[in-house]
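Chemist: build me a model:
(chains A and B)
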2 protein chains.
Amino acid sequence: MTRNQGRTTFSSEDFLKEVCWGEDGLIAAVAQDAGTGRVLTVAWMNREALKQSVERGEAVYWSRARKRLWRKGEESGHVQKIVELRLDCDADAVLLQVEQAGGIACHTGHERCFFRKLENGRWVSTDPVLKDPKLIYGK
Amino acid sequence: MTRNQGRTTFSSEDFLKEVCWGEDGLIAAVAQDAGTGRVLTVAWMNREALKQSVERGEAVYWSRARKRLWRKGEESGHVQKIVELRLDCDADAVLLQVEQAGGIACHTGHERCFFRKLENGRWVSTDPVLKDPKLIYGK
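Modeler: Got it, this is the predicted structure:
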């Protein structure tokens, strides 16, 4: 925050300073479908990912597997348009209300990553595959 | 899983083997209000926390700050009764549908930990404090 000719202005990065990044530089990022309320994905953001998410208005994560920024939907087209962004009490997790392009958030072709439910001591897949992953990523 | 006299039985801990614990032994655990669909908390579980959560039917987390198991509500009474438990595609996050005792999930006295919203580049508190934390924890 800076003062300029008597006016208080906010740099576009001030909100990043309030975030408590973990030792690995990351925070958890939960994406929830703004329409249905379904929790779609849990992913990770570093400072640059959160910055770009806000600038673009679309979810950008840090891929822990690939160790690089990951513009959600960059390959699949399954972009998450951010409708609302929230920070939790200890500032180490964000909640995104999103519009999920294609109605598919998961790389497996399911609507959401949480397609398995615990039933009688076992994880049981309860949701249909909406699109064959080969067709999503088959280039 | 073991076979006993021709029947396939599942030990109560088989579901734990499918979880991909992080290098720190933890996974992310998102709790969502089963009634309203609001995301209440993001916390952490180790193997024992998930095991106890399933056994008790109430959320048990691993407190990274206190470095011990934390039966949610053990001090506040704000227990999270688990209605449904889901695992994500890469098995490193769980989603709990819960009934939130007292209607307060956050130690700040808010309904949910995500009481701050990004507005014009600033995190703005949008939700009321439902109960003074001093009254929640004041013993």
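
Chemist: which elements pack onto the helix or strand A:Ala49 falls within?
Modeler: Under the criterion DSSP states H and E, the helix or strand holding A:Ala49 is helix A:47-56. When contacts are defined as 3 or more CB pairs under 8 Å, 6 or more residues apart in numbering or on different chains; DSSP states H and E, helix A:47-56 packs onto helix A:14-17, strand A:27-33, strand A:60-63, strand A:68-71, strand A:80-87. Bear in mind the C-beta positions are built from the backbone N, C-alpha and C, glycine included.

Chemist: could you tell me the angle between that helix and strand A:80-87?
Modeler: Comparing the axes of helix A:47-56 and strand A:80-87 via axes from the mean of the first three to the mean of the last three CA atoms, to 10 degrees yields an angle of 120 degrees.

Chemist: list the buried residues for helix A:47-56?
Modeler: A:47, A:49-54 (16 or more other CB atoms under 10 Å in any protein chain shown).

Chemist: burial of the residue of chain A found nearest chain B, as a residue count?
Modeler: Residue nearest to chain B within chain A: A:Gly37 (3.4 Å; CB to the nearest CB). Counted with other CB atoms under 10 Å in any protein chain shown, the neighbours of A:Gly37 add up to 14.

Chemist: that one: what secondary structure?
Modeler: For A:Gly37, the assignment made with DSSP: H, G, I helix; E, B strand; the rest coil gives coil.

Chemist: returning to what we had before: could you export the helices and strands packed on helix A:47-56 as a markdown table, including mean neighbour count and distance to chain B?
Modeler: Formatted as a markdown table, the helices and strands packed on helix A:47-56 follow (neighbours: other CB atoms under 10 Å in any protein chain shown; distance: least, CB to the nearest CB, whole Å):
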| stretch | mean neighbour count | distance to chain B |
| --- | --- | --- |
| helix A:14-17 | 15 | 6 |
| strand A:27-33 | 24 | 5 |
| strand A:60-63 | 21 | 11 |
| strand A:68-71 | 15 | 14 |
| strand A:80-87 | 21 | 4 |
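
Chemist: tabulate the ones you listed (JSON lines), appending mean pLDDT.
Modeler: Written out in JSON lines, the entries for these read as follows (pLDDT from 0 to 100):
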{"stretch": "helix A:14-17", "mean pLDDT": "94"}
{"stretch": "strand A:27-33", "mean pLDDT": "98"}
{"stretch": "strand A:60-63", "mean pLDDT": "98"}
{"stretch": "strand A:68-71", "mean pLDDT": "98"}
{"stretch": "strand A:80-87", "mean pLDDT": "98"}
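
Chemist: coming back round to it: quick one: pLDDT of the residue of chain A closest to chain B?
Modeler: Looking at A:Gly37, its pLDDT is 98.

Chemist: likewise the one 4 residues further on?
Modeler: In the prediction, the pLDDT value recorded for A:Thr41 is 98.

Chemist: likewise for A:Gly121?
Modeler: Predicted confidence (pLDDT) for A:Gly121: 94.

Chemist: that one touches B:Leu16, doesn't it?
Modeler: No. Assessed by CB atoms under 8 Å, A:Gly121 is found out of contact with B:Leu16, at 9.8 Å.

Chemist: near chain B, which residues of chain A?
Modeler: If contacts are counted using CB under 8 Å from any CB of the partner chain, the residues of chain A sitting beside chain B are A:10-12, A:14-15, A:18, A:28, A:30, A:32, A:37-39, A:41-42, A:54, A:84-90, A:93, A:95, A:106-108, A:110, A:113-118, A:120-123.

Chemist: ok, A:Tyr61 touching A:Trp44?
Modeler: Yes. Taking contacts as CB under 8 Å, A:Tyr61 lies within contact range of A:Trp44: 5.9 Å.

Chemist: give me the helix or strand of chain A that scores worst on average pLDDT.
Modeler: Sorting the helices and strands of chain A by mean pLDDT, DSSP states H and E puts strand A:2-4 at the bottom, at a mean of 48.

Chemist: quick one: end-to-end length of stretch A:19-26, please.
Modeler: Terminal residues of stretch A:19-26 are spaced 10 Å apart (CA to CA, to the nearest Å).

Chemist: buried residues, that stretch. List them.
Modeler: With the criterion 16+ other CB under 10 Å, stretch A:19-26 contains buried residues A:19, A:26.

Chemist: ditto for stretch A:97-110
Modeler: A:97-98, A:100-101, A:104-110.
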